[in-house]
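Sequence first, predicted model second:
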Amino acid sequence: MSSSDLQIKKDNSILLLGNPNVGKTTLFNRLCGLRSATANFPGSTVEARKGKSSRSNSTLTFTDLPGIYSLNAKDELSAVCRNSIDGVDCAPPDAVVVIIDATNLRRNLTIVNEVLHHEIPCVIALSMVDIAQKSGLTIDVSKFGEKLGCAVVGVHPRTGAGTNELHEALVNLKNSKVALPDVNDFKVVNTWANEIIASSVGGELATGTFTDRLDRTFTHPFLGLVVFASVMTGLFWTIFTLAAFPMDLVDVIFGYVGATVGGLLPAGDLHDMLVDGVIGGVAGTVVFLPQICILFFLISLLEDTGYLARAAFVMDRLLRKFGLPGQSFVPFLSAHACAIPAIMAARIVPDRRDRIATILVAPFFSCSARLPVYVLLVGVLFIDSPFLAGLAFFGCYILGAVAALFTALLLRKTVISGSSRPMMLELPTYKMPSLRTAFLNTFDRAWVFMKNAGTVILAIVVILWWMSARSD
Amino acid sequence: MTLISPTIEFDCIPLSQLGEREQAVVHMADLDVDEREALASMGFHEDATFELCQQGQPCIIQVEATRLGLSSELTSRIMVRRCTVCS
């Protein structure tokens, strides 16, 4: 075993890689906080979050890669991770941090082996050590690192424990060459992983029955639907209740700004363009932000609890009849805020045909922007009957969903026909959601919405205003 | 976290016929390459020992610390061997 110290280069570019549900994004948020920006990976629609982390006079730039099980899989996410590590269409990184779940070492060592084969400086961040210890496992971290030929640091992404040590390990990289098994031979990789675990891990992992009991309820053919309907009702009730005040506030603020600017300018084209076009356009975009933020916040909380994966299975029974997989339910949920994040969220659908169908029908669902139109229409049509008005309002929502599902069925039977991949999904353990992660995810989503949708919507509103002004 | 070689009954059955709380070994997956690779990367590969937690839609299995949900369309095509001693 030859040892070599690898000094990190001046770019300090670090990739965060790991299986889904290991706490990778939580660790990224803990390291970088709000000092991050979202862009796309070169040549793909997959989002990349980059952020800076400064500790003890050194700054590192982290990139949060999508959660994957294998670098060698054929899907787009794995290709993005492979290209990022190899520096294809981008600068090669200085090091990779592989975050692995301490309670699931054998499976996680598969991706560690794949990364080590790329001969890039590597640090292993061991998450969920506290859960492993509570479940009866003891891990000799130094022996574990010795077997892998790289530094291993125990981290607790939620509290931030171990992040300073991780930073330190990245600044003072020490990697050794070790014998690695062939990545394509599962049996050999498994034997290699077993040897490492046998030499550095003690105890047996105890699995509880709590998860079993919850799964029986949440995925039950009838009870699962009742729970799902209750969760969704609660979610939308919360959105509409909590968003009412900030939306009114946005209306008042922009009304005041419009009146003030209008009062300062003389009547004419410039006055109309600024007040009705620009300020009206910005107000028309920002007014939906409270609903969008609350929806993303709640989705992030639900995802963190582990419930969304179960809900996807509950919805699979219904969506499969329309040629869509259960995973499509998450983009459809986002579509109730805005079609843009829904389309971006469609990347979680693994099959290409399913993904295209999901993207094409997501805009049929009623987004926030349509609500004022529904309110206006039902108000005019059922002015004397609040019950009928409520029913009609609900019917508008249902109509959007029905249109989406039947369009999906039509598409899957015609232009994008063919069999789709059956559902196979990891069901993460249930846990308390992290408010910090939910807040940071919401901020990130809201910023992307304002940047992408805001600019386009504003431009279109100004153009529409100009066209209507010219036609007078 | 050590594996004891399981004693395997040699008759294979579809995963959909396995009883709850029974342990089994994945013998042969009559699946597409993509499906097989996706399952293998999640720890459900040839010769992996697992426990069936819940039968139905979804079928829930536990492979070590990984809990997987599989659709019934898939479980009818995955062949498994019951094992009498697995850990």
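Great, that's in hand. Numbering: from 1, shown residues only, chains lettered A, B, ... in the order given.

How confident was the prediction at A:F297?
Listed pLDDT for A:F297 reads 91.

Confirm that it sits in a strand.
No: using DSSP: H, G, I helix; E, B strand; the rest coil, the assignment for A:F297 is helix, not a strand.

OK, contacts around it?
If you count contacts by C-beta atoms under 8 Å, 6 or more residues apart in numbering or on different chains, A:F297 has them with A:A438, A:F439, A:N441, A:T442. (Glycine included, C-beta is placed from N, CA and C.)

From A:L116, how far out is it?
38 Å (C-beta to C-beta, to the nearest Å).

quick one on the thing from earlier: ok, of the contacts of A:F297, which come out buried?
For those, a burial check counting by 16 or more other C-beta atoms under 10 Å in any protein chain shown picks out A:A438, A:N441, A:T442.

Excluding covalently adjacent residues, which one is nearest to the first one?
Distances taken as C-beta to C-beta, 6 or more residues apart in numbering or on different chains place A:S300 nearest to A:A438, at 4.0 Å, with adjacent residues excluded.

Work out for me the element A:G281 sits within.
Mapping A:G281 onto the secondary structure by DSSP states H and E places it in helix A:280-286.

Outside of that helix itself, list whatever touches it.
Contacts for helix A:280-286 (C-beta under 8 Å, 6+ apart): A:250-251, A:254-255, A:258, A:450, A:453-454, A:457-458, A:461-462, A:465.

Now render the buried ones among the contacts of A:F297 as TSV, adding distance to A:G268, secondary structure and pLDDT.
TSV is the format used below for the buried ones among the contacts of A:F297 (distance: C-beta to C-beta, whole Å; DSSP: H, G, I helix; E, B strand; the rest coil; pLDDT from 0 to 100):
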residue	distance to A:G268	secondary structure	pLDDT
A:A438	47	helix	89
A:N441	45	helix	83
A:T442	41	helix	88
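
will you turn these into JSON lines that also has distance to A:I356?
Listed next are the buried ones among the contacts of A:F297 as JSON lines, based on distance: C-beta to C-beta, whole Å:
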{"residue": "A:A438", "distance to A:I356": "30"}
{"residue": "A:N441", "distance to A:I356": "26"}
{"residue": "A:T442", "distance to A:I356": "28"}
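
Neighbour-wise, which one of the contacts of helix A:280-286 leads?
Ranked by the number of neighbours (other C-beta atoms under 10 Å in any protein chain shown), these place A:I457 first, at 21 neighbours.

and the gap between the residue nearest to A:F254 when sequence neighbours are not counted and A:F240?
Excluding the flanking residues, the one nearest A:F254 by C-beta to C-beta, 6+ apart is A:A283, at 3.5 Å. Computed as C-beta to C-beta, the A:A283 to A:F240 distance reads 20 Å.

quick one: which of those two has more around it?
Neighbour totals were compared for A:A283 and A:F240, and A:A283 leads with 17 against 13 (other C-beta under 10 Å).

Check which helix or strand A:I253 maps to.
Taking DSSP H and E as the criterion, A:I253 maps to helix A:223-264.

roughly how far out does that helix sit from the chain middle?
In terms of C-alpha atoms, centre = their mean, to the nearest Å, the centre of helix A:223-264 is set 22 Å apart from its chain centre.

swap in stretch A:376-395?
Taking C-alpha atoms, centre = their mean, the mean C-alpha location of stretch A:376-395 is offset from the chain mean by 36 Å.

okay, how far is it across it, tip to tip?
14 Å (C-alpha to C-alpha, to the nearest Å).

ok, now stretch A:333-347?
Terminal residues of stretch A:333-347 lie 14 Å apart, using C-alpha to C-alpha.

buried sites along that stretch?
Under the neighbour-count criterion of 16+ other C-beta under 10 Å, stretch A:333-347 has A:333-347 buried.

right, and the pair among those residues with maximum separation?
Using C-beta to C-beta, the two most remote members of the buried residues of stretch A:333-347 are A:H336 and A:R347, lying 18.4 Å apart.

how big is the angle separating the helix or strand hosting A:A408 from helix A:223-264?
Under the criterion of DSSP H and E, A:A408 resides in helix A:386-413. Helix A:386-413 and helix A:223-264 are oriented at 110 degrees to each other (axes from the mean of the first three to the mean of the last three C-alpha atoms, to 10 degrees).

centre of the chain versus helix A:386-413, how much separation?
26 Å.

and what of stretch A:77-89?
Distance of stretch A:77-89 from the chain centroid (C-alpha atoms, centre = their mean) equals 19 Å.

low pLDDT regions in chain B?
B:1-10, B:28-29, B:85-87 (pLDDT under 70).

before we move on, the earlier item: among the contacts of helix A:280-286, which one lies nearest to chain B?
Of all the contacts of helix A:280-286, chain B sits closest to A:A453, with 33.1 Å by C-beta to the nearest C-beta.

before we move on, back to that, A:P290 versus the residue nearest to A:F254, what's the distance?
A:A283 is 13 Å from A:P290, by C-beta to C-beta.

Could you name every residue contacting both of those two?
Counting by C-beta under 8 Å, 6+ apart, the residues touching both A:A283 and A:P290 are A:V250.

Just the ones of the buried residues of stretch A:333-347 in strands?
Counting by DSSP state E, no part of these is found in strands.

now the strands for chain B?
Using DSSP E, strands in chain B cover B:7-14, B:23-29, B:49-54, B:59-63, B:66-70, B:78-85.

can you redo these as CSV with distance to A:L214 and mean neighbour count?
Shown next, in CSV, are the strands of chain B (distance: least, C-beta to C-beta, whole Å; neighbours: other C-beta atoms under 10 Å in any protein chain shown):
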stretch, distance to A:L214, mean neighbour count
strand B:7-14, 27, 12
strand B:23-29, 22, 19
strand B:49-54, 11, 20
strand B:59-63, 11, 22
strand B:66-70, 11, 23
strand B:78-85, 25, 18
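
show me the contacts for the residue nearest to A:A438.
So A:S300 contacts A:P433, A:T437, A:A438, A:N441, A:T442 (C-beta under 8 Å, 6+ apart).

What helix or strand is it located in?
Applying DSSP H and E, one finds A:S300 within helix A:289-305.

next one: A:L17
Using DSSP H and E, A:L17 falls in strand A:13-18.

counting contacts, what elements does that strand pack onto?
helix A:24-32, strand A:58-64, helix A:76-86, strand A:95-101, helix A:105-117 (3 or more C-beta pairs under 8 Å, 6 or more residues apart in numbering or on different chains; DSSP states H and E).

model confidence over that strand, on average?
pLDDT averaged over strand A:13-18 gives 94.

just to revisit the earlier point, and which of the buried ones among the contacts of A:F297 is nearest A:A151?
Out of the buried ones among the contacts of A:F297, the member with the shortest distance to A:A151 (by C-beta to C-beta) is A:N441, at 28.8 Å.
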